[in-house]
Structure formats: structure tokens, C-alpha cells
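Asker: no FASTA, just this:
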């Protein structure tokens with residue numbers, strides 16, 4: 001079934017996406033999901049408006065209001081990095097042989113998350129011999145996720161246990177892959193939070209229904225306003241663009257295909 005033209009309110013996402021007039025840009029093609037690239041912005045608003053709240057059940061949603069609140073609140077330790085953290089630092093190319101569609105491979109992939117960081121980072125994101133990280137919130141500076149277009153980057157972070165990345169800005173491909181895979185929430189800070197937080201700080205990220213997002217550093221007692229995730233939020237909630245499209249009835253469900 002053909003999808004409607006995709007549009008998103010996130011200003012950074014919209015302004016950094018490539019134009020279809022750019023000869024180096026190869027549009028996505030699928031027999032089951034078609035995207036209209038006549039606009040320079042890829043947005044999910046037209047899809048979201050077609051789906052009632054009862055149609056989409058987020059992957060972490062539950063029947064009680066407390067569990068619903070937990071889905072939009074991430075609490076844990078921070079792991080702080082700097083500017084221009086590229087995908088080679090997030091997951092080096094030698095680990096791309098792991099399949100992102102295989103659960104066992106994803107678990108192994110997560111154990112190598114951020115292993116490409118230089119030795120100046122004294123603390124490893126995932127301790128040697130472990131498969132999960134003790135850090136659930138990653139805080140970065142400018143241009144987080146730059147470099148190659150590998151979807152393994154957000155997948156490995158999610159597989160390691162990260163719930164959200166808070167950065168001053170993102171490379172467009174990492175932001176898009178984070179939304180498309182539904183692995184982590186790529187949230188933008190309004191100031192350089194990475195200069196005010198330290199690895200090991202205890203923090204909470206709240207995604208509020210009214211659109212306001214905040215990062216609370218309980219160690220320092222400071223609170224930071226984050227830019228709203230916009231219409232990309234429901235896509236991440238659903239588990240990624242394909243899960244969202246199946247639940248929206250845009251493409252056949254996995255059960256029907258089987």
C-alpha cells in the first residue's frame with residue numbers, strides 16, 4: 001500500500017534532510033512502502049493523523065497509567081561524550097558483520113557499543129566481558145552520529161541498554177536511523193549539556209505529553225529543557241518505521257506475510 005508523503009515537525013530533522021534534486025541522493029525504494037521525495041523534509045505527521053490512539057500500541061506501553069508514564073521517563077546513569085562522535089566510534093566497521101535483524105547478533109553488537117572511542121575516555125560504555133551497559137542516557141555535543149550511514153549505530157546503543165541520546169545536534173543520518181529503527185530517542189538540548197554533566201551522574205529524561213522534554217541531573221540538581229521530539233516520537237514508540245507502518249495498516253503485518 002502506498003504511504004502518504006512523510007513530514008516531520010522537528011526543525012533540525014527537516015532542515016538537514018537532502019533534496020531529491022541532489023544527484024548524490026538515492027531515494028529509498030520498496031515494493032510495499034513508497035515515499036514521496038518531492039519535499040526536502042520527511043515528516044510523519046500525515047501518517048500520525050491517520051491513526052487513532054487505539055491503533056498504535058507502543059512497544060513499551062502497558063495498561064496502567066504508571067507503566068505508560070515509565071515509557072516516557074528514562075532514569076539512570078549518564079555517559080558523556082564530546083563533539084563529532086562518528087559512527088566508527090559508536091560501532092567500528094569490523095563489527096558490522098553482526099545482523100541487526102538477528103536478536104543474538106544484536107546482543108553481541110550491543111556489547112561493542114562505543115568501543116571505538118579514543119583512549120582519553122577512561123570509562124567504557126560497556127564493561128569488558130559484559131553485554132549490557134550500566135549507562136542508559138548518553139549525552140553528547142555537536143554533530144553526534146556523523147560519518148557513515150550504518151543503521152548499526154543506533155541499534156548497538158539500544159541493544160546495549162541506552163534509552164535516549166541527548167546531544168546539542170545530530171548528523172541527519174543518525175537522527176533518521178534512530179527514528180527508523182526505534183532503538184533510541186535522539187533528543188536535542190538547547191545548550192551544551194555535555195559541558196555541565198559528567199559520566200556517572202544520575203539523571204532522568206522526561207518526554208512530556210504537552211511536547212516539552214527535560215533532562216534532570218539529580219547529581220548536580222540542574223534541569224535542562226530539551227527540544228520536542230515531535231511526530232517522530234510515535235514512530236519510535238511503535239518500535240520503528242516498519243512496525244509503525246504495519247500498525248497503521250500501510251503495509252501487511254508480519255503475521256499476514258507469514
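Answerer: Alright, I've got the coordinates. Keep in mind that what you see is a predicted model, and the values were worked out from it rather than measured.
Asker: Residue 94: what secondary structure?
Answerer: helix (DSSP: H, G, I helix; E, B strand; the rest coil).
Asker: and it, how many neighbours does it have?
Answerer: The number of residues packed near residue 94 is 9, by other CB atoms under 10 Å. In short, each C-beta sits where N, CA and C put it, glycine included.
Asker: State the distance from it to residue 157.
Answerer: Separation of residue 94 from residue 157 (CB to CB, to the nearest Å): 17 Å.
Asker: What of residue 98?
Answerer: For residue 98, the distance to residue 157 (CB to CB) stands at 14 Å.
Asker: more crowded one of those two?
Answerer: The residue with more neighbours, out of residue 98 and residue 157, is residue 157; 30 against 20, by other CB under 10 Å.
Asker: Give me the pLDDT for that one.
Answerer: pLDDT recorded at residue 157 is 98.
Asker: Which strands and helices lie in contact with the helix or strand harbouring it?
Answerer: For residue 157, the element it lies in under DSSP states H and E is helix 152-160. Judged by 3 or more CB pairs under 8 Å, 6 or more residues apart in numbering; DSSP states H and E, the packing partners of helix 152-160 are helix 87-90, helix 103-110, helix 172-181.
Asker: Okay, angle between that helix and helix 172-181 too, please.
Answerer: With axes from the mean of the first three to the mean of the last three CA atoms, to 10 degrees defining the directions, helix 152-160 sits at 50 degrees from helix 172-181.
Asker: Just the residues contacting helix 152-160, thanks.
Answerer: Helix 152-160 has contacts (CB atoms under 8 Å, 6 or more residues apart in numbering) with 87, 90-91, 95-96, 98, 100, 106-107, 109-114, 125-126, 131-133, 138, 145, 165, 174, 177-178, 181, 183-184, 186.
Asker: Beyond it, next helix or strand please.
Answerer: Criterion used, DSSP H and E; the element after helix 152-160 is strand 164-167.
Asker: That next one pairs with which strands, and in what direction?
Answerer: Strand partners for strand 164-167, identified by DSSP bridges, are recorded as strand 135-139 (parallel), strand 185-188 (parallel).
Asker: pLDDT (mean, whole number) over whichever helix or strand comes after the last one?
Answerer: Downstream of strand 185-188, the first helix or strand assigned by DSSP H and E is strand 202-207. For strand 202-207, the mean pLDDT works out to 95.
Asker: angle of strand 202-207 against strand 135-139?
Answerer: 70 degrees.
Asker: List the contacts of strand 202-207.
Answerer: For strand 202-207, contacts defined as CB under 8 Å, 6+ apart pick out 72-78, 137, 163-164, 166, 185, 187, 197, 213-219, 226, 229, 233.
Asker: can you do 6 Å?
Answerer: Residues from elsewhere that reach strand 202-207, judged by CB atoms under 6 Å, 6 or more residues apart in numbering: 72-75, 78, 137, 164, 213-219.
Asker: Nearest to residue 121 among those?
Answerer: Residue 121 has its nearest neighbour among the contacts of strand 202-207 in residue 78, at 13.4 Å by CB to CB.
Asker: what sits against the closest one?
Answerer: 137, 139, 197, 201, 203.
Asker: contacting residues around residue 253?
Answerer: residue 246.
Asker: Tell me how far it lies from residue 245.
Answerer: 10 Å.
Asker: now residue 188
Answerer: Using CB to CB, one gets 25 Å for the distance from residue 188 to residue 245.
Asker: Ok, residue 178 next?
Answerer: From residue 178 to residue 245 the distance is 17 Å (CB to CB).
Asker: what's the answer for residue 113, then?
Answerer: 27 Å.
Asker: neighbour-wise, which of those two wins?
Answerer: Shown here are residue 113 and residue 245; by other CB under 10 Å, residue 113 has more neighbours (31 against 20).
Asker: Pull the number of nearby residues for residue 225.
Answerer: 12.
Asker: typo on my end, residue 198
Answerer: 14.
Asker: what's the answer for residue 206, then?
Answerer: Counted with other CB under 10 Å, the neighbours of residue 206 add up to 16.
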